[in-house]
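3D, please:
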Amino acid sequence: MGKKMNNAPVYYALAQVKFNTLAALATYVPAIQENLRKAGYPDFQTIQLAHLELIGAPVPKTTVATRYLFLNSRKTAGFILDQSWLTYQTTDYDTFEPFLSAFLFGLQAIHKEAVLNYSERVGVRYLDAVLPNANESVTDYLQPCVLGLSGSFPDRSLVHTLSETRTVLDKTTLVSRAIVHTQQDRGAAFPEDLQPIHLTLIAKFAQVTGQYAIIDTDGWMEDRQDFDLDRLATTLDSLHKNIGRSFEKMVTPHALKVWD
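Next up, the predicted model:
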């Protein structure tokens, strides 16, 4: 996944870092917003999210969390910031290098104003849409090991097939998922845990009809260390390479030829 594909299946990519809590985040936001606006993210929004706390309290109570969105004009890329996380997401992915550079720029903008002390979780996630051409099916694109029984009942209508493999190495985790399902006249789907999505899908993924598949690959490392952009860049690159390995094991040579 390192080299540019002419017909890449990526319709969403995310990079994220969890850092020490910034209780005074609101005081830093104006300066952060100005830096990101000048860098190409002028669409600024403040979002209030209500959460119902059921554990640890004698009576359930509702708390409100504030998130700040910094999006580009086309709403195809941008940042989500709250007191402990920075997330960069895009629906117009090119290659890893500009994606990483954009994320690190956002982290630097936060660090410049707030002086981050440590990071403790860093992750990368990709969603790829497997859209078969006419007279093809997802079986031409995905390896049998992730197809389940999706083609085993021709007399029945498929709702979905889900394959998930989770592996660990030291402090890193890699989750590789493939979902095959059928839909009508909607954009490529997003897992529930990523909702709400504030970005706009690019044209080729904005309308999907029929049976298709989603490759959802998520890699992260949990390790509290002093905040260091160079170290984070190295970790993100390593996670990206593992995601690339997983992706290549899930798809067929035909798929790579079509997307190249």
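
And the helices in this protein, which stretches?
25-38, 96-114, 229-250, 253-259 (DSSP state H).

Need these in CSV (columns: mean neighbour count).
(C-beta placed from N, C-alpha, C; glycine too.) As requested, the helices of the chain are arranged in CSV below (neighbours: other Cβ atoms under 10 Å):
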stretch, mean neighbour count
helix 25-38, 16
helix 96-114, 18
helix 229-250, 17
helix 253-259, 14
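
between the ones you listed, which gets nearest to Ile179?
Each of those has some distance to Ile179 by Cβ to Cβ; the shortest is helix 229-250, at 11.5 Å.

Point out where the stretch 1-150 of the chain drops to low pLDDT.
For the stretch 1-150 of the chain, the stretches with pLDDT under 70 are 1-3, 51-57.

Can you tell me how far Pro60 is from Gln48?
For Pro60, the distance to Gln48 equals 19 Å [Cβ to Cβ, to the nearest Å].

what comes up buried for stretch 8-22?
For stretch 8-22, a neighbour-count test (16 or more other Cβ atoms under 10 Å) marks 8-20, 22 as buried.

tell me how far that stretch is from the chain's mean position?
5 Å (Cα atoms, centre = their mean, to the nearest Å).

Val146: what's it in contact with?
With contact taken as Cβ atoms under 8 Å, 6 or more residues apart in numbering, Val146 is in contact with Ser163, Ser176, Ala178, Met250.

Can you add pLDDT and distance to Ile32 and give the residues you listed back as JSON lines?
Below are those laid out as JSON lines (pLDDT from 0 to 100; distance: Cβ to Cβ, whole Å):
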{"residue": "Ser163", "pLDDT": "96", "distance to Ile32": "40"}
{"residue": "Ser176", "pLDDT": "97", "distance to Ile32": "34"}
{"residue": "Ala178", "pLDDT": "97", "distance to Ile32": "37"}
{"residue": "Met250", "pLDDT": "97", "distance to Ile32": "38"}
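
which among those gets closest to Ser119?
Nearest to Ser119 among the contacts of Val146, with distances taken as Cβ to Cβ, is Ser176, at 24.3 Å.

so what's the closest one bridging to?
Thr165, Thr217 (DSSP bridges).

quick one, strands of the stretch 51-200 of the chain?
Taking DSSP state E, counting those that start in this stretch as the criterion, the stretch 51-200 of the chain carries its strands at 61-71, 77-81, 85-90, 118-130, 160-169, 172-186.

Make JSON lines out of these and add mean neighbour count and distance to Leu100.
Putting these into JSON lines (neighbours: other Cβ atoms under 10 Å; distance: least, Cβ to Cβ, whole Å) gives the following:
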{"stretch": "strand 61-71", "mean neighbour count": "15", "distance to Leu100": "17"}
{"stretch": "strand 77-81", "mean neighbour count": "23", "distance to Leu100": "13"}
{"stretch": "strand 85-90", "mean neighbour count": "21", "distance to Leu100": "9"}
{"stretch": "strand 118-130", "mean neighbour count": "21", "distance to Leu100": "9"}
{"stretch": "strand 160-169", "mean neighbour count": "13", "distance to Leu100": "21"}
{"stretch": "strand 172-186", "mean neighbour count": "17", "distance to Leu100": "17"}
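
who's in contact with the residue nearest to Leu49 when sequence neighbours are not counted?
Residue nearest to Leu49 in three dimensions, not counting chain neighbours: Ala65, with 4.8 Å by Cβ to Cβ, 6 or more residues apart in numbering. By Cβ under 8 Å, 6+ apart, Ala65 lies in contact with Gln48, Leu49, His51, Asp82, Gln83.

next one: Ala233
Ala233 neighbours (Cβ under 8 Å, 6+ apart): Leu100, Leu104.

Let the chain start at 56 from now.
Got it, first residue is 56 now, which makes that one Ala288.

Do you know the pLDDT at it?
Note for Ala288: predicted pLDDT of 98.

Roughly how far does it sit from Ser174?
According to Cβ to Cβ, Ala288 stands 12 Å off from Ser174.
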